[in-house]
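Enquirer: sequence and predicted structure are below.
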Amino acid sequence: MLLLSNPCRVRRFYENAMQPERLKSSVPISKAIRLSSRTYTNSSMNLESTGTTGSAASVWDREASCYDAARQADPVYRSCIHLVVREIPKGTALCLDAGCGTGLSTLALSARCGTIVAVDYSLGSLQILKSKGLRNVMAVQADLRALPFKESVFGGCVCANTLQHFTPDGSQHRAIAELERVTRQNGVISVSVHHYSKSKRKDGWVKEGKPGQAGIDYIFRFTHDDLLTLLPGSPIRGVGYYKLLTIPFFGARLQNVLATLLGRIAALTGHGHMLIAVLSRRRPRAQKGSAVRR
């Protein structure tokens, strides 16, 4: 389902970037709200298949109405969103927000990019995003492992706090392969995931399974090596430091500074609430002796 606002922009995007055969239906945003009870079906994904592919869409439909409130009040979460979004160069014409949820990362991207295509499988979350009235955003309900876009469409891609809700037995890799497929050469893919940090291990948090947070059905917390296996060669930073919040006034303000200066060391030593990896889709270098076209 394609949730749309500006008809002219939508028509150009649909003609130039979409793979219609991967999209079950497309409707104007005014009609999409009336279709909110309609079951989303996609041949590549069973949205209720908890335990086989990861978290179910219905979980995030239920969480949608209250999702923003708790996270907007959390300086660590806000810092993580800021850090993953700022990897996308300002002025990027077309950016993908993969696993956008209710649009916390989308809101930040809307100030940096010309047009954002926000994708999630939770229609309830997309409805919350739509209510924010971001004029340069188009929302698409789809499976990240089978994105309904042509190859090399987007100049940048953000996937914030989403991959931990896919299982590691292939779903995570398929999602990353799709992000790479739809991102242009020389584009940037910025990914954040929950970190299975030393402090979480000490406190008895599970690495994989049902987390302690009420209502959430599945999570996979990444180590540095887990994320490096998924995104080989990418620089990885550990970000988000709750212990800093014990320092009055400065604790929240130091989050971004320390993540920038010490994030890579933090990731290697098992610190930081989240991990951020950045993959640059650079063009392969020409081999010696190869012909050069002029």
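Expert: Structure received.
Enquirer: kindly list the longest strand within the protein.
Expert: strand 183-194 (DSSP state E).
Enquirer: helices and strands around that one, which ones?
Expert: Strand 183-194 is packed against helix 75-85, strand 154-160, helix 171-182, strand 274-280, with contacts defined by 3 or more Cβ pairs under 8 Å, 6 or more residues apart in numbering; DSSP states H and E. From N, CA and C alone the C-beta is placed, and that goes for glycine too.
Enquirer: packing partners of the longest one?
Expert: Translated: helix 171-182. Going by 3+ Cβ pairs under 8 Å, 6+ apart, helix 171-182 lies up against strand 94-98, strand 154-160, strand 183-194, helix 224-230.
Enquirer: OK, contacts around residue 98?
Expert: 119, 144, 147, 157-159, 162, 175, 179 (Cβ atoms under 8 Å, 6 or more residues apart in numbering).
Enquirer: which residue, other than its chain neighbours, is closest to it?
Expert: residue 159 (4.3 Å; Cβ to Cβ, 6 or more residues apart in numbering).
Enquirer: settle this for me: the one you found is touching residue 183, isn't it.
Expert: No - counting by Cβ atoms under 8 Å, residue 159 sits too far from residue 183 to count as a contact (10.6 Å).
Enquirer: out of the helices and strands packed on helix 171-182, which comes closest to residue 124?
Expert: When the helices and strands packed on helix 171-182 are compared by Cβ to Cβ, strand 94-98 sits nearest residue 124, at 16.7 Å.
Enquirer: sorry, back to before: overlap of the contact sets of residue 159 and residue 183?
Expert: In contact with both residue 159 and residue 183: residue 189, using Cβ under 8 Å, 6+ apart.
Enquirer: what sits against residue 281?
Expert: Residue 281 touches 180, 183-189, counting by Cβ under 8 Å, 6+ apart.
Enquirer: 7 Å - rerun?
Expert: By Cβ atoms under 7 Å, 6 or more residues apart in numbering, the residues touching residue 281 are 180, 183-187, 189.
Enquirer: same question, residue 190
Expert: Residue 190 touches 84, 87-88, 158, 276, 278, counting by Cβ under 7 Å, 6+ apart.
Enquirer: repeat that for 8 Å
Expert: 84-85, 87-88, 156-160, 276-279.
Enquirer: skip ahead from the longest strand of the chain and say which helix or strand is next.
Expert: helix 198-202 (DSSP states H and E).
Enquirer: quick one: buried residues of that next one?
Expert: By neighbour count with 16 or more other Cβ atoms under 10 Å, helix 198-202 contains the buried residues residue 200.
Enquirer: ok, stretch 74-90 next?
Expert: 74-81, 83-88.
Enquirer: ok, stretch 222-232 next?
Expert: Here stretch 222-232 shows 222-224, 226-228, 230-231 as buried, counting by 16+ other Cβ under 10 Å.
Enquirer: contact partners of it?
Expert: Residues contacting stretch 222-232 (Cβ under 8 Å, 6+ apart): 163-164, 168, 172-173, 176, 189, 191, 193-196, 234, 236, 238, 267-268, 270, 275, 277, 279.
Enquirer: could you redo the last one with a cut-off of 6 Å?
Expert: With Cβ atoms under 6 Å, 6 or more residues apart in numbering as the test, stretch 222-232 has contacts from 172, 176, 193, 196, 236, 267, 275, 277, 279.
Enquirer: burial measure for the first one, as a count.
Expert: Same thing as residue 172. Residue 172 sits with 26 neighbouring residues when counted by other Cβ atoms under 10 Å.
Enquirer: and the longest helix for this protein?
Expert: helix 57-72 (DSSP state H).
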